[in-house]
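>>> sequence first, predicted coordinates after that:
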Number of protein chains: 2
Amino acid sequence: MTRHFNFCAGPAALPQAVLERARDELLDYRGRGLSVMEMSHRSPEFVAIAEQAESDLRELLAIPDNYRVIFTQGGATMQFAAVPYNLLGLGGSANFLHTGIWGKKAIAEARHLFGAAPVVASSEANGHRAVPCQADIALADDAAYLHYTANETIGGLEFDYVPRGVRPDGSEVPLVCDMSSSLLSGPLDVSPFGVIYAGAQKNIGPAGLTLAIVRDDLLDRGCAGMPSLMGYKAQAEAGSMVNTPATYSWYLAGLVFQWLKHDIGGLAAMDALNNRKAEKLYAAIDGGGLYSNPIATANRSRMNVPFVLDDDRLDEPFLKEAEQAGLLNLKGHRSVGGMRASLYNAVPEAAVDALVHFMADFERRKG
Amino acid sequence: MTRHFNFCAGPAALPQAVLERARDELLDYRGRGLSVMEMSHRSPEFVAIAEQAESDLRELLAIPDNYRVIFTQGGATMQFAAVPYNLLGLGGSANFLHTGIWGKKAIAEARHLFGAAPVVASSEANGHRAVPCQADIALADDAAYLHYTANETIGGLEFDYVPRGVRPDGSEVPLVCDMSSSLLSGPLDVSPFGVIYAGAQKNIGPAGLTLAIVRDDLLDRGCAGMPSLMGYKAQAEAGSMVNTPATYSWYLAGLVFQWLKHDIGGLAAMDALNNRKAEKLYAAIDGGGLYSNPIATANRSRMNVPFVLDDDRLDEPFLKEAEQAGLLNLKGHRSVGGMRASLYNAVPEAAVDALVHFMADFERRKG
């Protein structure tokens, strides 16, 4: 068996210990004589797996009791629809911060379904190199909520503060955040948020599974005519079993939560490790003459580090030699080019060390 | 490792050979140094896996070229919304055959989203013991399509013919079928259908993954305001990658298709095996005095066999002793009680033999 270092932006690396556990239990879950994949979602065995996963997630993030955790499907893209469906039932407009490609997709879906969806602050003018500051956020009079993307996976732009959504009349609206590529990368104060959602395929588990963490008091704002599967209230009341959930992915997420608790030692330890990894890579980018990253220092993403080579004719040799060195999936997103190294939780520090070493060596030889 | 016989109605048993292959490849897919779960959905490795799966499915079902295959998420429940969203954009009403609990859920979702959704034939009057015959199906003047459930998983009622949807004026409408619990149980002529859909967790793969097989000419009937992820046209054009698909489940479905082709020998062989399994179990039910199944012989489900014991005080001992004998998940659905043995493709004939033997022995001792 070979395991290379995998910098994929998502579906992303999973902890090796989690994969080993999954492998060992794949045909026979702890002596039950069947795979988790083959269990009824309503069986006592699976219900125990599901409840343990939720309880571990709540412990890791210290989720307050007045929040419901929903394990659903469809990725962030389904949440781009689910959020306005669930929060615009009493009227008002969805307000957005626009800081990159994922935010733009969320805006497009809200407009597609509901017409107007004002962008109330944007980093478009600076090429998405720095997030808007709080003073620049000007909500609409009828704002029902404020949506932002904590970390733009493609641009590598991350918020260094939690914005507030305040209407011109001074009243505050619920804050909604797409945390697909940052949730669980470190401790989080959940209490300023109305809704947090995340596709699983970065720091949580396999693609498809999707988390939504919803404050109780927002469960009664749903539009009458939304698809049943998208309703937060229905899912919260049904324990995320409005229909058969993605049981195996839910189980794997539970293994990841256990790994975070027991192997890593919790989110503060994860945070420190992620800081160290990012610092090493940004230092390597800034330290030489061949590599560069354009993002304002305070907003550089810890999870997704895009960089370009001074001479783009070196892109191909860089990627080819990196792959030969066991460093996989460093190619930037097709919409922006260049390189991108994603440093999610499951990417070990040794992977970053190997990448930094390779980059320095490559620069010496080709730069 | 222990593997028991698993009669679960879904998520259901998977072929042991598939699980073994998945286990062996879990940490390192064929020397690539990473798990399929950790691959970008746009990587050449995963694209090859996805294309192979589609091509094998097309071969197994002999799907004509004018049909698109969509690998999506959300189960049949999401399709209950997706079908009317995709087929009512030019107006008209969704018409339904009502033959049990799943059909009823599909009707409820169409009504929830679109108001009227006429039931144009129903087996409610006979307690869902026999499906309506073609002559009893009376479509509405404005019918846009006819929807039915090929096999009712809970009731154990299966259509023994493919209905046609003919309006009073003689014109024919597209036929839409929920085949969640029967697709791939045997050969199928796809050509009478406009849309076939199926949740994966019976004969295809892990829960979450969902298939839709859609005739080309129906791709332009979508409603403007539906969630993007549900659009058949968008998914067909994007190769089911409007967003990150459930990659690992797609891969597992591909392993199941390979198993059907190479280990089983195709759907005709699967069909013969499924017939044999069902005949053995129904014979055991009908042959003694303790067990009974109320469904009209022609409409008895091959995949889901509900039965009751003459004396329901024996239910608990039956289930307990069955479990001790390694026969798992025989309890009937909580809405109907009694027993249910699901005989999906991955349930081996030896499982049915063991169950029949147990039933006869139990009757001898307790009946």
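Right, received. Where do you want to start?
>>> ok, the nearest residue to residue A:314 once chain neighbours are set aside - contacts?
What sits nearest to residue A:314 in space, not counting adjacent residues and going by Cβ to Cβ, 6 or more residues apart in numbering or on different chains, is residue A:366, at 5.7 Å. Any C-beta I mention is one placed from the backbone N, CA and C, and that applies to glycine too. Taking Cβ atoms under 8 Å, 6 or more residues apart in numbering or on different chains, we find residue A:366 in contact with A:290, A:314, A:317-318.
>>> any idea how far the residue lying closest to residue A:36 once chain neighbours are set aside is from chain B?
Nearest non-adjacent residue to residue A:36, counting by Cβ to Cβ, 6+ apart: residue A:251, 4.6 Å away. Using Cβ to the nearest Cβ, to the nearest Å, residue A:251 is found at 10 Å from chain B.
>>> the strand or helix carrying residue A:251 vs helix B:247-258, what angle?
Element membership for residue A:251 (DSSP states H and E) is helix A:247-258. Angle, helix A:247-258 to helix B:247-258, by axes from the mean of the first three to the mean of the last three Cα atoms, to 10 degrees: 140 degrees.
>>> mind listing what's buried in the helix or strand just after helix A:247-258?
On the C-terminal side of helix A:247-258, the closest following helix or strand by DSSP H and E is helix A:267-287. Within helix A:267-287, the residues that count as buried by 16 or more other Cβ atoms under 10 Å in any protein chain shown are A:267, A:270-271, A:273-274, A:277-278, A:280-282, A:284-285.
>>> starting at the chain centroid, how far to helix A:267-287?
Distance of helix A:267-287 from its chain centroid, counting by Cα atoms, centre = their mean, to the nearest Å, is 18 Å.
>>> also stretch A:311-330?
On Cα atoms, centre = their mean, the centre of stretch A:311-330 falls 26 Å from the chain's centre.
>>> likewise for stretch A:222-241?
22 Å.
>>> same check on stretch A:62-75?
Counting by Cα atoms, centre = their mean, stretch A:62-75 comes out at 14 Å from the chain centroid.
>>> name the residues of that stretch that are buried.
Those would be A:63, A:67-75, for stretch A:62-75 by 16+ other Cβ under 10 Å.
>>> how about low-confidence regions in the stretch 151-300 of chain A?
Residues of the stretch 151-300 of chain A meeting the criterion pLDDT under 70: none.
>>> residues in it within reach of chain B, list them.
By the rule Cβ under 8 Å from any Cβ of the partner chain, the part of the stretch 151-300 of chain A lying against chain B is A:199, A:201, A:206-209, A:225, A:227-230, A:242-249, A:252.
>>> going along the chain, name the strands of chain A.
A:5-6, A:67-72, A:93-98, A:119-122, A:143-149, A:151-152, A:157-158, A:175-178, A:195-199, A:210-215, A:291-292, A:304-309, A:327-328, A:339-342 (DSSP state E).
>>> in its sheet, what does the first one sit against?
When pairs are called by DSSP bridges, strand A:5-6 turns out to pair with strand A:327-328 (parallel).
>>> quick one: contacts of the partner strand?
By Cβ under 8 Å, 6+ apart, strand A:327-328 touches A:4-8, A:322, A:351, A:354-355, A:358, B:33-34.
>>> now do the same contact list for residue A:94.
With Cβ under 8 Å, 6+ apart, residue A:94 has these contacts: A:83-84, A:87-88, A:110, A:114, A:117-118, A:144-145, A:147.
>>> mind putting the residues you listed into TSV with neighbour count and distance to residue A:160?
Putting the contacts of residue A:94 into TSV (neighbours: other Cβ atoms under 10 Å in any protein chain shown; distance: Cβ to Cβ, whole Å) gives the following:
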residue	neighbour count	distance to residue A:160
A:83	27	23
A:84	26	27
A:87	24	26
A:88	21	29
A:110	24	25
A:114	18	30
A:117	22	25
A:118	16	24
A:144	23	26
A:145	24	22
A:147	28	18
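>>> distance to chain B and pLDDT added to those residues, as CSV?
As requested, the contacts of residue A:94 are exported to CSV (distance: Cβ to the nearest Cβ, whole Å; pLDDT from 0 to 100):
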residue, distance to chain B, pLDDT
A:83, 11, 98
A:84, 10, 98
A:87, 15, 98
A:88, 13, 98
A:110, 11, 98
A:114, 9, 96
A:117, 14, 97
A:118, 19, 98
A:144, 18, 98
A:145, 18, 98
A:147, 16, 98
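>>> tell me the domain ranges of chain A?
Domains of chain A are assigned by automatic domain parsing as A:17-262, A:266-366.
>>> start and end of the shortest one, how far apart?
The stretch domain A:266-366 measures 41 Å between its terminal residues, going by Cα to Cα, to the nearest Å.
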